[in-house]
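J.: Quick check, what structure comes out for this input:
(chains A and B)
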Amino acid sequence: MAMETNWASDHLQTIRTLMERSALYGRALATVRLAVGLLGIAGAVLANFLPLLSPRAFSLYWLGFGAVTLTASFLLVRRQALRAGEPLWSPPTRRITSALSPCFFVGLGAGAHSWVSDASPAAWLLATVWITAYGCALHAAGFFMQRGIKLFGWLFILAGGVLLLFGPAATPLHSVTAAHFLMGLFFGGFHLGYGVYLYFTEKARSQP
Amino acid sequence: MNPEPFLQLDRVIHEKGRLAIMSLLAASAQLSFTEIRETLGMTDGNLTAHMRTLQESGYTSVTKSFQAGRPLTTYSLTPAGRTAFTHYIDLLEKIVRQSKPK
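T.: Next up is the predicted model:
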């Protein structure tokens, strides 16, 4: 009888695990992260060769680059879905999109304000808001993805917090060039590093 | 212990492979053949056989469509399947509860 009840408990545990797994977003993200990282670094490097020295030009430039990056990510995810013969707009994808949207909207609002307002905030402050909002977006999406995404989100949130705390006193940060560097470091360097990590760990996980 | 709950367990769902399929479908509105196969590590033939049994029992429904010119087969639980799955879990919980010392 004891064996019978152990078996019942095991079955319930299996059901719970499978139901949780079914609700998780399962796309391989290494390629997406690598692409975002390379685009982020390219964006920061390119910005140094362009006359983007006002906060308004900074916001417009990075809003445009953000749109390009989002489009590239979407196309990569779509290609994965097509190759795997799976629906693109699956319930986990909808959950992820829903989790990301509020923070992305905050970032868009901050960028649009900087673009249209006569009294644009400093470029480094806008970069910090974007870094923090992006971290919050990743953290929210992490509830429907593998655990690493939440930790990755925390990295951005903590960095944003540190920048908000010490940024006002750190005068070298206050140039637009430094803000481009921040964007390149966080959206480029961090993603590239995470992408390389995922490239090897996802590959290892998928091997029998 | 009262053996009755054990005897009431639905034999269609009780099989390991089909129980896994039902668990996945219970948590998602619909899943494609590939998603189920990849998640559970089943072969095409094995999954097809289980899906046929579940469909014949009226527990799952199938939708065939095309995505970017490729055929896409998706499955979902029917209301009868969801009821049967809920009942199955209730019975498992009853078995576990019965074994606990009062």
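J.: Tell me the helix or strand right after the longest helix along chain A.
T.: Determined from DSSP state H, the single longest helix within chain A is helix A:55-84. Note on helix A:55-84: by DSSP states H and E, the next helix or strand toward the C-terminus is helix A:91-116.
J.: Distance from whatever helix or strand comes next after that next one to the middle of the chain?
T.: The helix or strand immediately downstream of helix A:91-116 is helix A:123-141, counting by DSSP H and E. Relative to its parent chain, helix A:123-141 has a centroid offset of 9 Å by CA atoms, centre = their mean, to the nearest Å.
J.: Now do the buried residues in the longest helix seen in chain B.
T.: Secondary structure of chain B per DSSP H: the longest helix is helix B:79-99. By neighbour count with 16 or more other CB atoms under 10 Å in any protein chain shown, helix B:79-99 contains the buried residues B:Gly81, B:Ala84, B:Phe85, B:Tyr88, B:Ile89, B:Leu91, B:Leu92, B:Lys94, B:Ile95, B:Val96, B:Gln98. Glycine gets a C-beta too; all of them are placed from N, C-alpha and C.
J.: With pLDDT as extra columns, can I get these in TSV?
T.: Compiled in TSV, those are given as follows (pLDDT from 0 to 100):
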residue	pLDDT
B:Gly81	93
B:Ala84	93
B:Phe85	91
B:Tyr88	91
B:Ile89	88
B:Leu91	89
B:Leu92	86
B:Lys94	86
B:Ile95	84
B:Val96	82
B:Gln98	78
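J.: filter those residues down to the ones near chain A?
T.: B:Ile89, B:Leu92, B:Ile95, B:Val96, B:Gln98 (CB under 8 Å from any CB of the partner chain).
J.: what's the longest helix of chain A packed up against?
T.: Helices and strands touching helix A:55-84, as assessed by 3 or more CB pairs under 8 Å, 6 or more residues apart in numbering or on different chains; DSSP states H and E, comprise helix A:30-47, helix A:91-116, helix A:123-141, helix A:176-183, helix B:33-40.
J.: Format those as TSV; extra columns: mean neighbour count and mean pLDDT.
T.: Output for the helices and strands packed on helix A:55-84, formatted as TSV (neighbours: other CB atoms under 10 Å in any protein chain shown; pLDDT from 0 to 100):
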stretch	mean neighbour count	mean pLDDT
helix A:30-47	19	92
helix A:91-116	17	89
helix A:123-141	23	94
helix A:176-183	21	92
helix B:33-40	18	87
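J.: and these as JSON lines, adding distance to A:Phe152?
T.: Formatted as JSON lines, those follow (distance: least, CB to CB, whole Å):
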{"stretch": "helix A:30-47", "distance to A:Phe152": "9"}
{"stretch": "helix A:91-116", "distance to A:Phe152": "13"}
{"stretch": "helix A:123-141", "distance to A:Phe152": "6"}
{"stretch": "helix A:176-183", "distance to A:Phe152": "17"}
{"stretch": "helix B:33-40", "distance to A:Phe152": "24"}
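J.: Show me the one of these that comes nearest B:Lys16.
T.: With CB to CB as the measure, helix B:33-40 is the member of these nearest B:Lys16 (10.0 Å).
J.: Point out where chain B drops to low pLDDT.
T.: Chain B contains residues with pLDDT under 70 at B:1-3, B:100-102.
J.: Can you name the residues of it that neighbour chain A?
T.: B:1, B:6, B:19-20, B:23-35, B:38-39, B:67-68, B:70-72, B:74, B:89, B:92-93, B:95-96, B:98-99.
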